[in-house]
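[1] Sequence and predicted structure are below.
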Amino acid sequence: MRWGVIVFPGSCDEQDVYDCLKQEMGQRVKFLWHKDELAGHFDCLVLPGGFSYGDYLRCGAMARFSPIMRGVIKFAGQGGLVLGICNGFQILCEAGLLPGSLVRNIGLQFVCQPVWLRVEETDTPFTCETKKGQLLKLPVKHGEGCYYADPSTLERLRKNRQILLRYVDAKGKPTADANPNGSLDNIAGICNESRNVFGLMPHPEDACHKLLVSEDGLKIFSSITAACAKTEQLHA
Amino acid sequence: MRDQKPTGYSEPPVTPARVASHGITPEEYQKIIEILGREPNYTELGVFSVMWSEHCSYKSSRPYLKLLPTEGPHVLQGPGENAGVVDIGEGLAVVFKMESHNHPSFIEPYQGAATGVGGILRDIFTMGARPVASLNSLRFGSIDHPRTRYLVAGVVAGIGGYGNCVGVPTVGGEVYFDECYNSNILVNAFTLGITKKKRIFTGTAKGVDNPVIYVGSKTGRDGIHGATMASESFSEEKEQRRPTVQVGDPFTEKLLMEACLELMEHDYLVGIQDMGAAGLTSSSTEMAERGGAGIELDLSQVPLREEGMTPYEILLSESQERMLLVARKGTEDDVKRIFDKWDLDAVVIGRVTDDRQFRALFHGTEVARIPVSALTQEAPVYQRPASPPANLDEWQRLDVSTVAEPKDLGAALKRLIGSPNVASKQWIYRQYDQYVRSSTVIASGSDAAVIRVKGTEKGLALTVDGNSRYCFLDPYVGGVLAVAEAARNLACVGARPVGLTDCLNFGSPENPEVMWQFAQVIHGMRDACVALQVPVVSGNVSFYNETDGVPIYPTPTVAMVGLLSKVERVVTPWFKSAGDLVVLLGRTREEIGGSEYLKVIHGMVKGTPPWIDLKLERAVQNCCLEAIEKGILRSAHDISDGGLAVALAECCVSGPDNPLGVRIDSHEMIRGDALLFSESQARILVSLEDEKLPELREIASEYHVPMEVIGRVSEGRFVVEPLLELPVEELRSIWASGLSDRLK
Amino acid sequence: MRVKIFVSLKSGVLDPQGKAIERSLHSLGYIEVQDVRAGKYLELNVEASSRAAVEARIREMCDKLLANPVIEDYQFEIQGD
Amino acid sequence: MRVKIFVSLKSGVLDPQGKAIERSLHSLGYIEVQDVRAGKYLELNVEASSRAAVEARIREMCDKLLANPVIEDYQFEIQGD
Ligand SMILES: Nc1ncnc2c1ncn2[C@@H]1O[C@H](COP(=O)(O)OP(=O)(O)O)[C@@H](O)[C@H]1O
Ligand SMILES: [Mg+2]
């Protein structure tokens, strides 16, 4: 399948995503410059982590207006898969592709540490290769990762089972201590209603090799490749 | 030429008072007049003052720095360039350096530390290397000092705020708290980059008429005279008339880094250098010096952020995120196109000449003309008087028999591992992105950090160390131990040293006692570098770290880089499973002089630091390295601050999973507190499975390393027969919260 | 004309920064302080024919970029004419 | 009384955030905008007998904690009485 990794000014993790997909998974990956229009065929677009536009004003607020985002929004509207990691998640929220917003960590400090995540839903292209309740160990590293949405939005997220990942302790309990940033309901990752756009704060691309924090990040990417393989079979 | 003034601005006359306020002595002023054959104008005075400042000219330290060994089979670039370069094989090279940003960080901790990181990053990518890992070495006043919490919070947030934003992981460092830093903290920032051996760039200006190109942020009135500030001591009233602090812009730095690295993929460049201390002045003159050329700048072309800036201000501004390039004539537009893509200014502001002159024009008028060599090689060099501190004997005198052994050694251990210098530093490194670049194999929390070199089987290990209390009590030994501990930290993860960089933080060189300490530390470092065969490839000197005449402890910080030929063989310091044997490589002696134990438990800074036999140190390290390379060890941890007991406790509690216990039964016949807390050097604590013991014995005897099986990893309890027994969970929580609780 | 824009968090959204500032103010002895809210402050100049024109443009800028309606409210003041 | 405090960078001090916001406003077509400066906005309530008393206290708080005199200036408005 074909992956596009979007490079904004201030993106930091684009190379990590690229290496993970190419080196660890043998995928076809292309960098896409934010000033260009989206052109060519892609199965999944990744908005990587980093500090687009320095995160000045608000995380993701300026990147959302980059020329390529028009194409990304259209692509998502047509059911294309879009994955936003950390700053990418923030951009997707600012762009309205995902509900809610990511605000300053409750502890006011940047937080970098491995965390435990519980897979809440598996009927999405991003988690289909995992099991409900399965624990993943991935690093978080952000200063504005506290997920906020108004009560009605939150209710909708629960009703539509759009909450895909929650921060939990080593035993799988979503406790306050296990929540690194004060996110409502320990939310670490959500998808949109049509389940083709996924944003998460933790970094799967930094947990893709036995020498690193873990290899659990590969489960997210391999879910996506598996999902695409299925849809291709359908079309074939 | 001094009567012809460009329209629109006028310079103040050069008076003896102004000469003095620029930190130029009457003798130095005479020398300037001889060189120019006339009096300098105000702009030229400013140029001399920064280029002849201690910070830029190293006038007090140069004679001593010559003593350090800088050569080695793999050294591609030693001191003298923006950073050192070492060959790591497979066509790759590592580029690294450490820089101090002490005074700015005390005035404005967040911005001071942030811009310190920005500066060292530019030193690395200016050489053509992509920065891949950073360290930081910090010194703060007593944790109880009213200002300390504010300074720690600001400095750490600043380092993270900048480093995280540019996408370079901060993978390690060190931090110490001591009264001697109460009003002069230290912030030393280290960065390492990786590049192709064949693609190394230098700060050189050559080729007559090649364009000089300014790239990056616009120039404002930031930090004018930062270089001279770094060359003066603090005093309360100086803190009042604060200099304009520089504000860092990590976003622009990130763009600048990407643009420069992209530019370096083409062959448009002749030379490139960042504008650090003394900004445009030092970058342009140093480039001309290296290229044996002259340089002509048209200051009216420099992109400005503020109205009405004078040539003096433009030349001396220390605005951040700026670089100076010399490109091949005719490639100007290609260069511009690349910086355009990244939304950055790139402006031709001058040309290379062959007259060996530094010339600055402003709206068509020459405002400065100085021989390049006058600002570089011919800068003054001083053989400053040096003499041992009057009270040295007093400081070193310690009669151990007068040191009462605590009745409750368990309580002593608890106090020690909860003390700020020993407790977990997680509160700090949690604020740093340690994982970006997906290469971090061992992040902060181990003896040394380890990153993988993508596309190879290799790994790089990084550590920074320096115990200033040792240096205060015996600067020679302190210098030796700083290098020895750094190398030992590398050995513990399985890496062989390839080179080191250092920051030498001292008081005023005009104080003979400080100068003596400086000389002693250098001699100590030299001897250790020779014995352990580690070349010094770059470094930095920071003098005038004192307040109202009281110098800080002599504080050399040594950052060492090591290579693992097979990174998957890496070993971590914490115990792995109950039942494993615990073995001590090296021997424990009754050495509590200058120890953390003596300071924390007995409130004394006295005695002489531990004795060191460099042959044994080397043997212990090689023994550990071979054992790791043969895959015998499950853990290895260096024994430093707090001695054996603290090292054991760290092995039990510092791992990612639940803490393990240990049961120790040593036969060393010395008093209990010495056995537990003495900081004897050349010791490494390892754990392994029983069946591996014979192999380890073999290696140890081959290197003539004394080793003792001192106990076993267990569960639940921390036991040292017959001295103490504690629940390990209690130790863990004290260690984990010792620092964070004090910083809340 | 000179425009001052104040962006503050919606009342529902928790404001850890405001809380932290309040805490340190209290610990410094300023116990009379309550309900500290932290926000953003922007100042800018605009070329424009009329106050009304400016107002419309500024409102646009805020809705589009300067404030995030999910979490933030904004006010602004226009000076001079 | 309700107090509004505006903390902004001293003129001459580099304001990366303001610079970036201005850029992005221009690229959105708001080319009439100039000299964007970004700062902090604080709102708080104070119990106090008189306006004058409040003023003195607020000035103290700003000097001590709320603004960083090295790089920032501050203004404030007091409402009600
Ligand atoms: N300022 C800092 N930044 C990042 N990591 C730090 C800092 N200070 C200490 N650390 C980390 O905490 C751990 C303990 O530090 P230290 O006690 O100096 O180790 P050692 O004594 O083995 O050199 C190390 O892994 C070090 O990298
Ligand atoms: Mg250390």
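    Received the coordinates, thanks. Ligands and ions are numbered 1, 2, ... in the order given.

[2] all helices of chain A, in order?
    Here chain A has its helices, by DSSP state H, at A:14-19, A:67-77, A:87-94, A:151-159, A:217-235.

[3] So which of those helices is the most surrounded?
    Most buried of the helices of chain A, by mean neighbour count (mean count of other CB atoms under 10 Å in any protein chain shown): helix A:87-94, with a mean of 28. The way it works is simple: take the backbone N, C-alpha and C, and place the C-beta from them, glycine included.

[4] pLDDT weak spots in the chain?
    In the absence of a named chain, this looks at chain A. Nowhere does chain A drop to pLDDT under 70.

[5] Sorry, I should have been clearer: chain B.
    For chain B, the ranges with pLDDT under 70 are B:1-9, B:225-244.

[6] For the top helix by length along it, could you pull out the residues that count as buried?
    Assignment by DSSP H gives helix B:512-532 as the longest helix of chain B. With burial defined by 16 or more other CB atoms under 10 Å in any protein chain shown, the residues of helix B:512-532 counted as buried are B:513-529, B:531-532.

[7] rewinding a little: quick one, which of the helices of chain A is nearest to ligand 2?
    Nearest to ligand 2, of all the helices of chain A, is helix A:14-19, at 29.3 Å by CB to the ion.

[8] Just the C-alphas of the closest one, formatted as PDB.
    This file holds the C-alpha atoms of helix A:14-19, laid out as PDB (Å, rounded to 0.1, in the frame of the first residue of the first chain):
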ATOM      1  CA  GLU A  14       8.300  12.500  10.100                       C
ATOM      2  CA  GLN A  15      11.600  10.600   9.600                       C
ATOM      3  CA  ASP A  16      10.700   8.300  12.500                       C
ATOM      4  CA  VAL A  17       7.400   7.400  10.800                       C
ATOM      5  CA  TYR A  18       9.100   7.000   7.500                       C
ATOM      6  CA  ASP A  19      11.800   4.700   8.800                       C
END
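
[9] where's it relative to the chain centroid, distance-wise?
    Distance, stretch centre to chain centre, for helix A:14-19: 14 Å (CA atoms, centre = their mean, to the nearest Å).

[10] That one packs against which elements?
    Under the contact definition 3 or more CB pairs under 8 Å, 6 or more residues apart in numbering or on different chains; DSSP states H and E, helix A:14-19 sits against strand A:2-7, strand A:28-33.

[11] and the residue in the stretch 301-450 of chain B that chain D sits nearest to, what helix or strand is that in?
    Closest contact between the stretch 301-450 of chain B and chain D, by CB to the nearest CB, is at residue B:306 (5.9 Å). Element membership of residue B:306 [criterion: DSSP states H and E] is none; it lies in no helix or strand.

[12] I'd like the distance between the residue lying closest to it once chain neighbours are set aside and residue B:59.
    Using CB to CB, 6 or more residues apart in numbering or on different chains and skipping the chain neighbours, the partner closest in space to residue B:306 is residue B:220 (5.0 Å). Noted for residue B:220: a distance of 29 Å to residue B:59, by CB to CB, to the nearest Å.

[13] quick one: which of those two has more around it?
    Shown here are residue B:220 and residue B:59; by other CB atoms under 10 Å in any protein chain shown, residue B:220 has more neighbours (23 against 20).

[14] I'd guessed the more buried one sits against residue B:318; true?
    No. Using CB atoms under 8 Å, residue B:220 is not in contact with residue B:318; the gap is 9.5 Å.

[15] contacting residues for the closest residue to residue B:612 other than its chain neighbours?
    In this structure, residue B:612 finds its nearest non-sequential neighbour in residue B:681, 4.4 Å apart by CB to CB, 6+ apart. By CB atoms under 8 Å, 6 or more residues apart in numbering or on different chains, the contact list for residue B:681 reads B:481, B:484, B:485, B:586, B:610, B:611, B:612, B:617.

[16] Which strands or helices does the longest helix of chain B pack on?
    Using 3+ CB pairs under 8 Å, 6+ apart: helix B:512-532 touches helix B:62-65, helix B:475-493, strand B:496-505, strand B:555-564, helix B:614-629.

[17] Which stretches in chain C count as helices?
    For chain C, applying DSSP H gives helices covering C:16-27, C:51-61.

[18] orientation of the first one relative to helix D:51-61 in degrees?
    Between the direction of helix C:16-27 and that of helix D:51-61, the angle (axes from the mean of the first three to the mean of the last three CA atoms, to 10 degrees) works out to 110 degrees.

[19] For helix C:16-27, list every residue counted as buried.
    So for helix C:16-27, counting by 16+ other CB under 10 Å, buried means C:16, C:17, C:18, C:21, C:22, C:25.

[20] Quick one: list the elements packing against it.
    Counting contacts by 3+ CB pairs under 8 Å, 6+ apart, helix C:16-27 packs against strand C:33-46, strand D:33-46.

[21] Please see if the last one touches chain B.
    Spelled out, it's strand D:33-46. No. Using CB under 8 Å from any CB of the partner chain, strand D:33-46 stays clear of chain B, with a minimum separation of 11.6 Å.

[22] distance between that strand and the chain's centre?
    With CA atoms, centre = their mean as the basis, strand D:33-46 stands 4 Å off its chain's centre.

[23] Let me see the mean pLDDT of that strand.
    Throughout strand D:33-46, pLDDT has a mean value of 95.

[24] Show me which residues of chain A are close to chain C?
    So far as CB under 8 Å from any CB goes, chain A lies against chain C at A:57-58, A:61-62, A:65, A:93-94, A:100-101, A:103-108, A:148-150, A:182.

[25] and those residues near chain D, which?
    A:57, A:62, A:65.

[26] just the buried members of the residues you listed?
    Those of these that meet the buried threshold are A:57, A:62, A:65, by 16+ other CB under 10 Å.

[27] Check those residues against residue B:96 and report the nearest one.
    Using CB to CB, residue A:62 comes nearest to residue B:96 of those, at 33.6 Å.

[28] Touching, the closest one and residue A:55? I think so.
    No. Distance between residue A:62 and residue A:55: 9.0 Å, which falls outside the contact criterion (CB under 8 Å).

[29] Okay, and the beta partners of residue 44?
    Defaulting to chain A. Residue A:44 has these beta-bridge partners by DSSP bridges: residue A:3, residue A:81.

[30] Hmm, no, I was thinking of chain C.
    Beta-bridge partners of residue C:44, as defined by DSSP bridges: residue C:3.

[31] I'd like the distance from it to residue D:42, if you could.
    Separation of residue C:44 from residue D:42 (CB to CB): 20 Å.

[32] Give me the phi and psi for the nearest residue to residue B:331 once chain neighbours are set aside.
    Using CB to CB, 6+ apart and skipping the chain neighbours, the partner closest in space to residue B:331 is residue B:268 (3.9 Å). Note on residue B:268: backbone dihedrals following degrees, to the nearest 10 are phi -90, psi -20.

[33] one step back: please tabulate the helices of chain C in JSON lines, including the columns mean pLDDT.
    Formatted as JSON lines, the helices of chain C follow (pLDDT from 0 to 100):
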{"stretch": "helix C:16-27", "mean pLDDT": "94"}
{"stretch": "helix C:51-61", "mean pLDDT": "94"}
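
[34] out of these, which comes closest to ligand 2?
    With CB to the ion as the measure, helix C:16-27 is the member of the helices of chain C nearest ligand 2 (31.5 Å).

[35] Could I get the CA-only coordinates of the closest one as CSV?
    Provided in CSV are the C-alpha atoms of helix C:16-27 (Å, rounded to 0.1, in the frame of the first residue of the first chain):
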residue,chain,number,x,y,z
PRO,C,16,-4.3,24.6,35.5
GLN,C,17,-2.1,27.6,34.7
GLY,C,18,-4.5,30.0,36.4
LYS,C,19,-4.8,27.7,39.3
ALA,C,20,-1.0,27.5,39.7
ILE,C,21,-0.6,31.3,39.5
GLU,C,22,-3.3,31.6,42.2
ARG,C,23,-1.5,29.1,44.4
SER,C,24,1.8,30.9,44.2
LEU,C,25,0.1,34.3,44.8
HIS,C,26,-1.5,32.9,47.9
SER,C,27,1.8,31.4,49.1
